[in-house]
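Q: could you look at this predicted model? Sequence included:
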Amino acid sequence: MTDTSYVGKRLPRYDGMQHATGKTRYVGDIKLPNMLYVKAWRSPVASAVIKSIDVSRAKKVPGVVAVITGREVPVNVFGGEQPVLADKEIRYPGQEVVVVAAESIEVALEAVDKVKVELEEREPIFDPLEAMKPGARKVRPEGNLLAFGERDHFQIRKGDVEAGFAQAHVIVENYVRTAAQEHSPIETQVCIAQTDSMGRTHIYTCTQAVFFNQGTIAAILNKPQASVHMIGGILGGGFGSKNDPHADHICAVLSLYTDGRPVKWVWTREEEFIASTHRGATHLWFKDGVTKDGRIVARKIKMIRDTGAYPLTADYVIRKASYGVSGPYNIPNVDIDSYAVFTNKRPTSSMRGFGLFQSAFAWDLQMEKIAEALKMDSLRLRFLNAIHDGDTSATRAVQHNCGLIEVMQTAAKRAGIKLDDDLLAMSSAKR
C-alpha cells in the first residue's frame with residue numbers, strides 16, 4: 001500500500017540541518033595531504049594568434065611542482081573544437097593558456113607572473129549582428145554560424161505563414177533583446193584532482209553534470225571512463241553554470257604531472273565573471289498576423305543568440321528555445337529561424353531553462369503588444385489562443401493533457417481578477 005501521509009505536509013530537507021548549521025562539506029572545504037594549489041595564466045586579449053609560450057622562468061620558482069601547456073594535455077580538445085589549454089589561438093579574454101601547481105597560492109601566482117606568451121593580437125568581434133554580416137572576420141575557421149545539419153541555422157515550419165499573413169486584419173511586429181547574465185553562485189568553480197599510482201584519476205567536483213563530464217575528461221586524458229572517478233553531489237549553487245567543464249578537466253590533466261599529489265583550484269570571483277560560462281544575450285524579432293477578433297493566424301520569428309567563442313551546449317539551447325518561442329498557443333502558421341552566432345566573448349551555455357525563459361519573456365511581451373494593437377484585454381487574448389488537447393505545437397506535435405486555460409482561470413481567481421462568463425466556461429478539452 002502506498003504511503004501518502006506526507007501529502008500536503010511540510011517535510012524537512014534531508015540536508016537542511018547540515019546547511020543551517022554550517023556543517024556541509026563543499027569541495028572548497030576539503031583538505032588532502034600534500035595538497036598543491038593551482039593558478040592559470042589567462043589571455044589578456046579577446047582574439048590573437050599564439051606565437052610562442054615560454055614557461056622556463058615559471059618552472060624555476062621555488063615551490064613550483066608542475067607547469068603545463070596544451071602540449072602536455074593528452075588530447076587537447078573537448079566539445080569538438082575547444083582546447084583544454086589554448087595552444088594555437090585565443091578566442092576570448094580570460095582563456096586559459098598555462099596552468100601551474102605549487103606549494104601555495106602565492107607561489108603559484110608568482111610563477112604565473114613569470115610565464116611569457118607572445119601574442120599576435122587580432123581585431124575581435126563582439127556583436128553577433130556584426131558577426132553575421134558577409135565579410136565579417138571569422139571567429140572560427142568554420143565561420144561565425146553554428147551549423148544545424150546542412151543549414152547555418154535551426155528552422156521550424158508549420159503551415160504557410162505568408163498565407164496566414166494574407167488572412168490577417170492586423171500585423172504586429174516587435175523586437176526584443178534579452179541581456180547576458182552571470183549565474184554568480186556563492187561557490188565559485190572549484191576542483192581537487194589526484195591521479196594515483198594505478199593511473200586512476202580521482203576528482204572532487206562541484207559539477208552539475210557528473211557523468212557527462214566524466215566521459216569528457218576520460219577522452220581528454222585518453223583513458224577508459226572507468227579510470228576517472230568523479231566525487232560530487234554537493235554544490236554551493238550552480239543554476240547551469242556548472243554543467244560544462246571549467247576546472248575539473250584542467251586539474252585532472254595537471255594531476256598527471258604531480259607525482260600523485262592532489263591539486264586544488266578554487267576560482268576567484270573575478271575568474272568566475274571573466275571566464276565561466278554564462279547566459280548568452282538573445283535578439284528576437286516577431287511578426288504576427290492577427291484577425292480582428294484576436295486569433296493569431298501567423299507567427300514569424302527570427303532569433304539570434306550570442307554563443308561566445310565555443311559551441312558547448314549552443315545546439316541544445318537553440319533547439320530548446322526554438323521549440324518554445326512561439327508560446328503555448330494554437331497558431332496554424334509558424335516560421336522560426338534561429339541562429340547561434342560565434343563572437344570573441346567567453347562561451348555561453350546553460351542557465352535555468354536552456355533558452356526557454358528568454359523565449360517566454362519574448363512571446364509574453366508580444367502578446368501584450370498584440371492586445372494593445374487590438375485594444376483587447378490581454379488575458380482574453382491568451383484565452384482565445386490557448387492550446388487545447390489535440391492541437392499541434394509549432395513543431396506539429398499533437399498536444400495532450402493541456403491545462404493552460406484552467407491555470408489562467410485559477411490564477412485570475414487568486415489574483416482577484418473577474419473573468420467574463422465565456423472565459424470561465426472554457427476548458428482545455430479537445431475542440
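A: Nice, thanks for sending it over. Residues are numbered from 1 along each chain as shown.
Q: where are the low-confidence patches of this protein?
A: The model of the chain has pLDDT under 70 over residues 1-2.
Q: right, and the helix or strand after the longest strand that it contains?
A: Determined from DSSP state E, the single longest strand within the chain is strand 296-308. Toward the C-terminal end, the helix or strand that comes next after strand 296-308 (DSSP states H and E) is helix 314-324.
Q: what residues does that following helix touch?
A: By Cβ atoms under 8 Å, 6 or more residues apart in numbering, the residues outside helix 314-324 that reach it are 146, 148, 154, 156, 280, 282, 303, 305, 307, 336, 338-340, 348-350, 353-356, 358-360, 393-395. Just so you know, the C-beta spots here come from the backbone N, C-alpha and C atoms, and that holds for glycine as well.
Q: change it to 6 Å
A: The contact list for helix 314-324 (Cβ atoms under 6 Å, 6 or more residues apart in numbering) reads 146, 154, 156, 307, 336, 338, 340, 354-356, 359.
Q: so what's the gap between it and the chain middle?
A: In terms of Cα atoms, centre = their mean, to the nearest Å, the centre of helix 314-324 is found 11 Å from the chain centre.
Q: buried residues, it. List them.
A: Using 16 or more other Cβ atoms under 10 Å as the test for burial, helix 314-324 gives 314, 317-324.
Q: farthest-apart pair in those, please.
A: Within the buried residues of helix 314-324, A314 and G324 form the most distant pair, 16.4 Å apart (Cβ to Cβ).
Q: re earlier: from the contacts of helix 314-324, which land in strands?
A: Secondary structure assignment by DSSP E places 154, 156, 307, 336, 338, 340 of these in strands.
Q: got the contact list for the closest residue to the fourth one other than its chain neighbours?
A: Sequence neighbours aside, I156 is the residue nearest to I336 in space, at 4.0 Å (criterion: Cβ to Cβ, 6 or more residues apart in numbering). Contacts for I156 were tallied using Cβ under 6 Å, 6+ apart; they are 322, 336, 394-395.
Q: for the residues you listed, which one is nearest W265?
A: Distances from W265 to the contacts of I156, taken by Cβ to Cβ, are shortest for S322, at 36.1 Å.
Q: please name the bridge partners of the nearest residue to the closest one once chain neighbours are set aside.
A: The shortest distance from S322 to any non-neighbouring residue, by Cβ to Cβ, 6+ apart, is to S338 (4.5 Å). Counting by DSSP bridges, S338 forms beta bridges with F154, M303.
Q: in this structure S338 contacts D152, no?
A: No: here S338 does not reach D152: they are 10.8 Å apart, not a contact under Cβ atoms under 6 Å.
Q: neighbour count: these two, which is higher?
A: S338 (26 against 16; other Cβ atoms under 10 Å).
Q: measure the more buried one to N330 for me?
A: As judged by Cβ to Cβ, to the nearest Å, S338 and N330 stand 21 Å apart.
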